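Asks: coords below, sequence missing:
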């Protein structure tokens, strides 16, 4: 069996379904920071992450962005699923968080797999449930948590995602993901450093 196919085992599926996914998908690799899907773009294929991770963002009318959720290995973007199945344009922007290998499954195959493979439909429902919970967390954080709490939560989530205590990231990027100003993030990071929670370096932050 192809090694790339072996890597795609993060969700429970039959060998036949994995073979079909490998057969019908276009496989591409991306570097950190690459945009794989823009807002308002047509959706012709569904991205399924095999390696690495992707962050999914939403841009407001005033140009501010906010992080909605991350897509990890073995997962896909439920917003892309829904938009592609209903022939709607993308409502989100997807950016590579760390170097990624992605399967792009054509939209017409998504509907075909739903009819032929019950585990594929179960995969979609489980993704939908997980993303719904994550979006509720975003709403709760924006509505009820202070920006410093949201910032520390984001740093910890990124550390968990990469498996590293030191994050190579700019204050500007953190501000974009939180939907706030860079000066606010810089001020809060300095407060966290003074409290001994983080150590700041040039374009890097280390969680203590």
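Replies: Yep, that arrived. Computed from a prediction, not measured in an experiment: that's the story for all the values here.

Asks: in this protein, spot the helix with the most residues.
Replies: Ordering each helix of the chain by length in residues (DSSP state H) puts helix 118-144 first.

Asks: which residues touch the helix or strand following it?
Replies: Note on helix 118-144: by DSSP states H and E, the next helix or strand toward the C-terminus is helix 147-162. With contacts defined as CB atoms under 8 Å, 6 or more residues apart in numbering, helix 147-162 is touched by 53, 67, 70, 72, 97-98, 141-142, 145, 165, 167, 169, 174, 177-178, 180, 184-185, 188-189, 191-192, 197-198, 205, 207. All C-beta atoms are positioned from the backbone trio N, CA, C, and that covers glycine.

Asks: could you do stretch 107-122 as well?
Replies: Defining contact as CB under 8 Å, 6+ apart, one finds that stretch 107-122 is touched by 12-14, 16-17, 20, 24, 43-46, 81, 84-85, 105, 124.

Asks: 7 Å instead, please
Replies: 12-14, 17, 20, 24, 43-46, 81, 84-85 (CB atoms under 7 Å, 6 or more residues apart in numbering).

Asks: stretch 125-133 too?
Replies: Outside stretch 125-133, the residues touching it (CB under 7 Å, 6+ apart) are 69, 75-76, 78.

Asks: filter these down to the buried ones.
Replies: Among these, those scoring as buried are 69, 75-76, 78 (criterion: 16 or more other CB atoms under 10 Å).

Asks: pull out the buried members of the contacts of stretch 107-122.
Replies: Going by neighbour count (16+ other CB under 10 Å), the contacts of stretch 107-122 have 13, 17, 20, 24, 43, 45-46, 81, 84-85 buried.
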